[in-house]
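Visitor: model the following, please.
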Amino acid sequence: MNKGSGAWIGGRSAHRPLGIDIGASAIKAVKVRRSGHTAKIVKTYLVEIPRERAERPSPELVAESLKKFLNEQKISTDRFVSSFPLSSAIVRNAVVPLQGHHKIRQVIKFQAEPHIPFPIEEVVIDFLETAAAEDNKTPVIIIGAKKELIAKQLELWNAAGLDPEILGVDAFALVNNYLLRAGAAAPEQMVMLLDIGATKTLLVIMRGRSAILARSISVGGDDITEALQKEFAIDFQSAEKLKREKATAVLGEQPSGDEERIQKTISPILTRLASEVDRSMRSTSATLKGAEVSRLYLSGGGALLARMGELLSREFGCEARLLSSLAPFDGSGGDEAMCAAGIATGLAIQGLGMGGAEVDFRRDDFAYAGGLARAKRQMVIAAILGVCILGVLTFNFTSLFIKKRHEHAALAKELEQIYRETFPGEQAAGAVSVAARMEQKFKEYHQSYERFSSLSDTAVSSLEILREISALVPEEIKVQVTNLSVSQDRVEMDGLVNSPADADRIKQALQRSKYFKTVDVPSTSAHGGNKHKFKLTAAIGK
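Guide: Just a heads-up that it's a prediction; the model follows:
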């Protein structure tokens with residue numbers, strides 16, 4: 001199968017998913033796309049599987065028919081969705097002592113174990129919530145399937161060169177189809193969905209937007225065909241033609257002899273089907289204390305039997321109509337195609353991420369491997385974008401760093417010049433060399449730059465402080481500054497003078513400055529020869 005570009009960017013939904021339902025008599029496929037809050041049918045495919053008798057085709061014939069179908073139609077899609085038959089699944093109603101989908105998902109296997117007649121490790125489990133939680137308890141439908149059956153189902157698709165991303169369940173695909181059509185207007189009364197296929201009939205009872213019962217009935221269109229084949233002694237294909245052209249579920253006012261004979265032949269089968277449907281309705285009504293089914297929606301090829309809806313409406317006293325007639329999707333074909341493709345349509349809707357009953361057996365041991373490949377592609381794209389962004393950021397940072405470095409170098413040069421002018425005869429070396437300190441340690445330079453750039457509370461620049469000290473210190477005093485530190489609110493100076501009196505004169509000179517609130521010389525001491533060491537502190541005025 002050709003893959004569209006949408007397969008590159010994955011997610012829970014796809015742009016144009018294809019749902020394929022393989023029945024006993026035909027392959028039904030539907031491609032859809034999102035259209036606002038609903039779906040639009042892009043194309044519907046209906047390909048009959050050649051049969052000579054009323055039985056399910058062999059896996060080899062199905063795979064061959066699938067290959068031929070895909071090659072002839074040249075289908076491209078960004079998500080392929082198939083179904084697992086409800087008749088091969090285990091369906092149980094239960095109550096889970098939790099609420100919240102994520103929490104239930106974590107424990108559903110343990111909760112399902114008492115309801116599953118096989119070792120739990122041999123089964124894949126999914127679930128649907130059937131009603132809102134009450135007292136931290138949530139009613140659910142548990143849906144399970146043996147791993148060996150899922151493996152066989154996937155082998156069938158793989159033999160045709162396909163790997164479905166989602167493996168839904170046919171009955172709940174019908175639910176997806178119905179819910180999207182009904183929208184927010186889904187009635188709170190009970191509604192029944194009935195899909196009459198070739199070998200089986202799927203029955204789902206809905207209450208509001210929740211499925212509360214799902215079962216498979218072993219009655220289908222092939223039973224009618226076989227009965228006609230036996231009654232009229234004709235081959236299978238002739239009996240199929242007779243069923244489609246002449247058979248009717250309810251006789252007209254003046255039936256011909258052949259019509260009466262046909263109706264008499266198929267009547268027991270229709271009665272058996274109605275009896276099974278009635279049993280399900282009665283069981284649900286008893287469980288829900290008298291609630292009755294108010295509407296019945298039909299799909300599947302068997303629903304096209306003439307006057308079938310009329311028969312069921314009479315039997316159950318409620319409206320019966322084709323599901324495809326409920327809020328028809330744009331692009332829908334005629335009733336024959338859309339009625340037969342009810343399950344395929346629901347699968348495609350699930351592929352859009354718009355389904356209300358998204359059961360999926362592609363989990364645990366059967367998790368979709370293509371999802372990993374898609375995730376890897378996304379990671380590659382993300383990595384490429386990340387490298388590009390990192391490159392741009394690195395370039396900008398480097399440019400900014402070089403610019404700041406030049407600015408810092410210029411400032412260091414200016415500060416060194418001011419230092420030389422302020423303290424003639426001193427060498428700007430070692431710790432007092434601002435430029436050297438910036439070169440040796442970037443962090444120390446950055447902190448020094450902040451201190452020297454501005455005094456935030458006083459709006460007095462460090463350069464002004466240096467100029468003030470230079471101007472106020474008497475020229476006749478010989479001072480050798482060994483350390484000078486200027487912060488936002490304080491000046492500290494260490495140095496050597498000829499006498500303690502010189503240190504005191506420097507103090508008195510600086511006390512005359514408008515910038516200093518207090519000036520103090522806390523200590524002086526002899527320092528070899530004729531020099532005296534002093535320390536001066538000045539508080540910068542606010």
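Visitor: pLDDT (mean, whole number) over stretch 289-298?
Guide: Taken as a whole, stretch 289-298 has an average pLDDT of 91.
Visitor: centre of the chain to that stretch, how far?
Guide: Distance, stretch centre to chain centre, for stretch 289-298: 35 Å (CA atoms, centre = their mean, to the nearest Å).
Visitor: list the single closest residue to S525 in space, sequence neighbours excluded.
Guide: Take S525 and drop its neighbours on the chain: the residue closest to it by CB to CB, 6 or more residues apart in numbering is K533, 5.1 Å away. No exception for glycine: its C-beta is placed from N, CA and C like everyone else's.
Visitor: for the one you found, what are its contacts?
Guide: 494-496, 524-527 (CB atoms under 8 Å, 6 or more residues apart in numbering).
Visitor: from the residues you listed, which ones fall inside strands?
Guide: Among the contacts of K533, the members falling in strands (DSSP state E) are 494-496, 524-526.
Visitor: out of those residues, which are buried?
Guide: Buried by 16 or more other CB atoms under 10 Å: 495-496, 524, out of the ones in strands among the contacts of K533.
Visitor: how far does stretch 196-208 stretch from start to finish?
Guide: Criterion CA to CA, to the nearest Å; first-to-last residue distance in stretch 196-208 is 23 Å.
Visitor: beyond the lowest-mean-pLDDT helix or strand in the chain, next helix or strand please.
Guide: Lowest on mean pLDDT, DSSP states H and E among the helices and strands of the chain sits strand 2-3, with a mean of 37. Counting by DSSP states H and E, the next helix or strand C-terminal to strand 2-3 is strand 18-22.
Visitor: and the contacts of that next one?
Guide: Residues from elsewhere that reach strand 18-22 (CB under 8 Å, 6+ apart): 27-32, 62, 66, 75, 77, 79-83, 156, 164, 170, 173, 341, 343-351.
Visitor: could you list the paired strands of the helix or strand where L213 lies along with their orientation?
Guide: Counting by DSSP H and E, the element that carries L213 is strand 210-217. With DSSP bridges as the test, strand 210-217 is paired with strand 201-207 (antiparallel).
Visitor: any idea of the mean pLDDT for the partner strand?
Guide: pLDDT averaged over strand 201-207 gives 97.
Visitor: can you tell me the SS state at the residue nearest to S525?
Guide: At K533 the chain is in strand, as set by DSSP: H, G, I helix; E, B strand; the rest coil.
Visitor: what's opposite it in the beta bridge?
Guide: Beta-bridge partners, per DSSP bridges, of K533: L496, S525.
Visitor: where does the stretch 351-500 of the chain have low pLDDT?
Guide: 371-383, 394, 408-409, 411-460 (pLDDT under 70).
Visitor: can you list the domain ranges for the protein.
Guide: With domains defined by automatic domain parsing, the chain comprises 2-367, 457-542.
Visitor: most neighbours per residue, which of these?
Guide: Most buried of the domains of the chain, by mean neighbour count (mean count of other CB atoms under 10 Å): domain 2-367, with a mean of 19.
Visitor: and L390, what helix or strand is that in?
Guide: Counting by DSSP H and E, L390 is part of helix 369-422.
Visitor: distance check, the closest residue in space to R512 that isn't next to it in sequence against A341.
Guide: Here the nearest residue to R512 in space, its sequence neighbours aside, is L472; by CB to CB, 6+ apart that works out to 6.6 Å. Taking CB to CB, to the nearest Å as the measure, L472 falls 98 Å from A341.
Visitor: could you do K137 as well?
Guide: 38 Å.
Visitor: with I27 instead?
Guide: According to CB to CB, I27 and A341 sit 10 Å apart.
Visitor: intersection of neighbour lists for the two?
Guide: 21, 46.
Visitor: might one say that I142 is in contact with F127?
Guide: Yes - using CB atoms under 8 Å, I142 is in contact with F127, at 5.3 Å.
Visitor: who touches both of these two?
Guide: In contact with both I142 and F127: 108, 112, using CB under 8 Å, 6+ apart.
Visitor: any chance you could map the helices in the stretch 251-400 of the chain?
Guide: With DSSP state H, counting those that start in this stretch as the criterion, the stretch 251-400 of the chain has helices at 257-287, 308-316, 335-340, 342-352, 369-422.
Visitor: for S485, give me phi and psi.
Guide: phi -130, psi 130 (degrees, to the nearest 10).
Visitor: which residue, other than its chain neighbours, is closest to it?
Guide: With CB to CB, 6+ apart as the criterion, S485 has its nearest non-adjacent residue at 4.5 Å, and that residue is E492.
Visitor: that neighbour: what secondary structure?
Guide: Under three-state DSSP, the three-state class of E492 is strand.
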